[in-house]
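**Q** I'd like to go over a predicted model; first the sequence, then the structure.
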Amino acid sequence: MAEEDSIPLVDRPIEMGLTGPTTTVFLVGVMAGSGTLVIPKALSDAGWSGILIILAMAAASTYTAILLGRCLTILRSRHVEYHGHIRGPYPAIGQAAFGKVCRCLITVCVDFSSFGTCVAYLLLIAENIGFLVARFGFDMPYYYWLLAVVLVLCPLCWFGSPKDFTFIGVIAAVATGVACVIILSQMAIDAQRVPPAIHGPVLLKPFLMAFGTICLGFGGHPAIPTILVDMKHPEKYVTSITPAFLIVVLIYLPLSLVGFLVYGSNLNPNVLLTITPGPAIFTVQILMSVHLLTGFVLLLNPVCQEGEDLLNIPHQFGLRRVLFRTALLALTFIIAIAIPNFGVILAFLGGSTVTALVFILPPVLYLRLCAMTGTWDKIDIPLHEKVLCVEIIVVGGLAGATATFSAVEALVSG
């Protein structure tokens, strides 16, 4: 099956749902957050082969995101209870394919990866704000900034689902686009000021961790089904997913390549701490902090919906929702205090649960759903597509396992 419309559709337009362009903006907002700041360092650690890894990762991630869209369409065409809004659509797909055990497994992966990324976002925001205000002689411990960020995020996280906070996705995408233009401009200026870049040898452990970091940069899959179910026309998911991943590549690749050529092995895990300070970078730090704040809300939302479903918290806004989501924010603050190394966190998540959600589960679920028999029409998958799915599962699984091992070793060693 090569086209999305080859699956019988039962979806009806959602009156207050997301449009196609808005969905694309949301997807960009989910993915191009921390990756904008950390993938330049990942490319430096991986060497020139990192360019191929970024391109391959982008292509594979786009394809598996489309597979998730197909799985969601199949789910809705076969089960009438999923025609409207779905809480936890990714786990629901797993349950339809393999039962409740698979639903629980996917729920754990989605919540762990989304929650862990939110912790890393908190650390990045606090670092950016602390670095910014320190330039004006105002220095405070980073955990004060963490607490301030959490307080700002509280009311934003109380919104229900993506269709309730369209403005957040737009703000995230616009902030990232403007920030990238400014970063590239400042890198071009630095190219004439800094010493010639030195490109050291590629070492195994940093290389493997770079894979995990790059994977996380395209790892919006935990939130993708949550966004797709809020579309006005869910059957048009391909026209929203494909341009979103293309935009993310156009953000990551120039930043990483120029950063690698200008700074080489001197790149900091947060690229903003490598670029020469000045008004332009101050502006970027503000913009990226805004993006990370909005990205945090988008990433935490699937975790919130799953938890509320488990605790039978009503869909409508109320005190129970406020208390539950505030408690989740407090937990992210505590973990950020305990593990203040966002680079290792990102590499670990990228190699473990994100790899499973991006490269392993989408093709497995798709192959299973298409192979199932019932009262619905049979779905035949071309042989080349089956081979591609198996190849993504095997290569992604092996690479993710090695990246996870390297990240765990780095985390244990301090």
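**A** Nice, I can see it.
**Q** For the stretch 251-400 of the chain, just list every one of the helices.
**A** Listed in chain order, the helices of the stretch 251-400 of the chain (DSSP state H, counting those that start in this stretch) span 279-310, 319-338, 342-351, 353-355, 361-371, 383-412.
**Q** Out of those helices, flag the one nearest residue 78.
**A** Closest approach to residue 78 among these (C-beta to C-beta): helix 361-371, 8.4 Å. All C-beta atoms are positioned from the backbone trio N, CA, C, and that covers glycine.
**Q** about what we covered before: quick one: which of the helices of the stretch 251-400 of the chain is nearest residue 213?
**A** In this view, those are compared for proximity to residue 213 by C-beta to C-beta, and helix 342-351 is the closest at 5.2 Å.
**Q** So for that closest one, mean pLDDT?
**A** Mean per-residue pLDDT for helix 342-351: 69.
**Q** How about stretch 223-235?
**A** Over the span of stretch 223-235, the pLDDT mean works out to 82.
**Q** next one: stretch 316-335
**A** Confidence over stretch 316-335, taken as the mean pLDDT, stands at 85.
**Q** Next, the buried residues of that stretch.
**A** For stretch 316-335, the buried set under the neighbour-count rule, 16 or more other C-beta atoms under 10 Å, comprises 321, 325-326, 328-329, 332-333, 335.
**Q** one step back: possible to save the helices of the stretch 251-400 of the chain as CSV with distance to residue 185?
**A** Putting the helices of the stretch 251-400 of the chain into CSV (distance: least, C-beta to C-beta, whole Å) gives the following:
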stretch, distance to residue 185
helix 279-310, 7
helix 319-338, 31
helix 342-351, 25
helix 353-355, 31
helix 361-371, 37
helix 383-412, 33
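**Q** Lowest average confidence across these, which one?
**A** Of all the helices of the stretch 251-400 of the chain, helix 342-351 carries the lowest average pLDDT, namely a mean of 69.
**Q** how much space between residue 320 and residue 270?
**A** When distances are taken as C-beta to C-beta, to the nearest Å, residue 320 and residue 270 turn out to be 37 Å apart.
**Q** circling back: and the helices of the stretch 251-400 of the chain: which comes nearest residue 101?
**A** Taking C-beta to C-beta as the criterion, helix 361-371 is the member of those that comes nearest to residue 101, at 13.3 Å.
**Q** angle of the closest one against helix 383-412?
**A** Compare the direction of helix 361-371 with that of helix 383-412 by axes from the mean of the first three to the mean of the last three C-alpha atoms, to 10 degrees and you get 150 degrees.
**Q** Show me what helix 361-371 is packed against.
**A** When contacts are defined as 3 or more C-beta pairs under 8 Å, 6 or more residues apart in numbering; DSSP states H and E, helix 361-371 packs onto helix 49-78, helix 89-98, helix 383-412.
**Q** Figure out which of those is closest to residue 124.
**A** Of all the helices and strands packed on helix 361-371, it is helix 383-412 that lies closest to residue 124, at 17.0 Å by C-beta to C-beta.
**Q** Going by neighbour count, list what's buried in that closest one.
**A** Those buried within helix 383-412 under the rule 16+ other C-beta under 10 Å are 385, 389, 392-393, 396, 399-400, 402-407, 410.
**Q** quick check, distance from that helix to the centre of its chain.
**A** The gap between the average C-alpha position of helix 383-412 and the chain average comes to 17 Å, counting by C-alpha atoms, centre = their mean, to the nearest Å.
**Q** on that earlier part again, how about the buried residues of stretch 316-335 in CSV, adding distance to residue 294?
**A** Listed next are those as CSV, based on distance: C-beta to C-beta, whole Å:
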residue, distance to residue 294
321, 19
325, 16
326, 18
328, 17
329, 15
332, 15
333, 18
335, 21
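**Q** quick check, nearest of those residues to residue 35?
**A** For those, the residue nearest residue 35 by C-beta to C-beta is residue 332; the value is 19.2 Å.
**Q** Report the separation between the closest one and residue 132.
**A** Residue 332 sits 21 Å away from residue 132, going by C-beta to C-beta.
**Q** how many neighbours does residue 197 have?
**A** Residue 197 has 16 neighbours, counted by other C-beta atoms under 10 Å.
**Q** Is it located within a helix, as I assumed?
**A** No. For residue 197, which was evaluated using DSSP: H, G, I helix; E, B strand; the rest coil, the result is coil, with no helix membership.
**Q** In space, what's closest to it - neighbours in sequence excluded?
**A** The shortest distance from residue 197 to any residue that is not its chain neighbour, by C-beta to C-beta, 6 or more residues apart in numbering, is 3.1 Å, and that residue is residue 264.
**Q** That neighbour: neighbouring residues, count only.
**A** Counted with other C-beta under 10 Å, residues neighbouring residue 264 total 16.
**Q** 808 is where my numbering starts, stick with that
**A** Understood, numbering begins at 808; the last thing we discussed is residue 1071.
**Q** does it really touch residue 1001, like I thought?
**A** No. With contact taken as C-beta atoms under 8 Å, residue 1071 and residue 1001 are classed as non-touching, separated by 9.5 Å.
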